[in-house]
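Trainee: structure of the sequence below:
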Amino acid sequence: MAGGDERGTTERVLTLLGLLQQRQVWTGPELADRLGVTPRTIRRDVERLRTLGYPVQASQGVGGGYQLGAGQDLPPLLLDDEEAIVTAVALLVGAGGAVVGAGAAALRALTKLDRVLPTRLRHEVRALAGSVQSFSGGRSPVDADVLMTLARACRDEVEADFDYPSGNEVRRRRVEPYRLVASDRRWYLFAYDLDRDDWRSFRGDRMTEVAARTWRFRPRPGPDAATYVQEGVASRVYPHRARFLVHASADTVRAQLPASAAVVRPHGPEHCEVLSGADNSLDAVLMYVLLLGHDFEVLDPPELAARCHVLAQRLRTAGATISPPPDAAGS
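Mentor: Below is the predicted model:
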């Protein structure tokens, strides 16, 4: 019975704190009426908040009441599990976003959140922070339960399993999970597939019945998670693919291309390889690389080099049929 009373008091104090955060000033009777207790109980709960470090101020007279003041030293945040997960996911998405300065600010906020959360919740947030990589921003929402289960498995280095579609059937997959990777639109799990004895990436939105197992694994050396997933996504999305040597640094070209459109690999300080593709024809990819404004060479496929000559001749023909402006003709 005492345990139940203690839980009831804790829930009431948390509710009181929430009310104080919603409005600048509350009178004692107003708070008592909202919480269904006496003004004397409100006074005791206010003292509990002060003991926890919340600067609750009380003033008398007309316009007086209880007010949550600003404090320099904040006590631990009081978040339930769901709130901590949602907050952490939002910060992680912000950290991988495309808004200038937002990524650094989100990472700082995530670090502060991790520092002030109670130990139990801090472990959950830390699991996300240590198990997520990104190669672009602006992704769609993710199932928090799936994300947290996989993040815990990555953190604790334990096997995971889940149902995953393969062709016309759904199969149970057993993996060693290493990283969660966020692309433009989706979350992926980078893992070692134990049944296929090879590295794989899995779309988070296609997983069902996700569970972390108790069997621990020893991490094995492997490819970079974000690069592996990015290249895998590009190869699956585009049936026709091409590879170019661009006469510009990888950083320069990455700033010009969205991560979902191409993979950019450094090739010395002043060159890079660009891998991209298209659904139907590589002509659009060829023109896209041309419009980057750098000299380039076609590395693969060989027939694309011949296509360059065809398109170049077509452009020359188009330019030759354009009549010069009247003033140019008379000059």
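
Trainee: which ones are touching the nearest residue to Thr27 once chain neighbours are set aside?
Mentor: Among residues not flanking Thr27 along the chain, Gly65 sits closest, at 4.1 Å (Cβ to Cβ, 6 or more residues apart in numbering). (C-beta placed from N, C-alpha, C; glycine too.) By Cβ atoms under 8 Å, 6 or more residues apart in numbering, Gly65 lies in contact with 25-28, 30, 58-59.

Trainee: let's see that with 7 Å instead.
Mentor: Remark: with contacts taken as Cβ atoms under 7 Å, 6 or more residues apart in numbering, Gly65 is in contact with 25-28, 59.

Trainee: among the residues you listed, which are in strands?
Mentor: Within the contacts of Gly65, residues falling in strands by DSSP state E are Ser59.

Trainee: any of the contacts of Gly65 buried? List them.
Mentor: Among these, those scoring as buried are 26, 28 (criterion: 16 or more other Cβ atoms under 10 Å).

Trainee: let's have the contacts of Gly65 in TSV, adding pLDDT.
Mentor: Below are those laid out as TSV (pLDDT from 0 to 100):
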residue	pLDDT
Val25	83
Trp26	89
Thr27	90
Gly28	90
Ser59	85
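
Trainee: wait, which of the contacts of Gly65 is closest to Ala153?
Mentor: The closest of the contacts of Gly65 to Ala153 turns out to be Trp26 (Cβ to Cβ; 44.4 Å).

Trainee: picking that back up, which one of the contacts of Gly65 is nearest to Glu176?
Mentor: Closest approach to Glu176 among these (Cβ to Cβ): Trp26, at 52.8 Å.

Trainee: domain assignment for the protein?
Mentor: With domains defined by automatic domain parsing, the chain comprises 2-68, 81-225, 238-320.

Trainee: among those domains, which is nearest Glu231?
Mentor: domain 238-320 (5.2 Å).

Trainee: return the distance of that closest one from the chain's centre.
Mentor: 29 Å (Cα atoms, centre = their mean, to the nearest Å).

Trainee: and stretch 218-236, C-alpha only, in PDB?
Mentor: Coordinates of each C-alpha in stretch 218-236 appear next as PDB, following Å, rounded to 0.1, in the frame of the first residue of the first chain:
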ATOM      1  CA  ARG A 218      32.300 -10.400 -31.100                       C
ATOM      2  CA  PRO A 219      32.400  -7.500 -33.500                       C
ATOM      3  CA  ARG A 220      34.100  -8.400 -36.800                       C
ATOM      4  CA  PRO A 221      35.900  -6.000 -39.200                       C
ATOM      5  CA  GLY A 222      33.700  -4.800 -42.000                       C
ATOM      6  CA  PRO A 223      33.000  -2.000 -44.400                       C
ATOM      7  CA  ASP A 224      31.900   1.500 -43.300                       C
ATOM      8  CA  ALA A 225      28.200   1.300 -42.500                       C
ATOM      9  CA  ALA A 226      27.000   4.500 -44.100                       C
ATOM     10  CA  THR A 227      29.000   3.900 -47.300                       C
ATOM     11  CA  TYR A 228      27.900   0.300 -47.600                       C
ATOM     12  CA  VAL A 229      24.200   1.200 -47.200                       C
ATOM     13  CA  GLN A 230      24.400   4.200 -49.600                       C
ATOM     14  CA  GLU A 231      26.000   2.100 -52.300                       C
ATOM     15  CA  GLY A 232      23.600  -0.700 -51.800                       C
ATOM     16  CA  VAL A 233      20.600   1.700 -52.000                       C
ATOM     17  CA  ALA A 234      22.000   3.200 -55.300                       C
ATOM     18  CA  SER A 235      22.500  -0.300 -56.800                       C
ATOM     19  CA  ARG A 236      19.000  -1.500 -55.900                       C
END
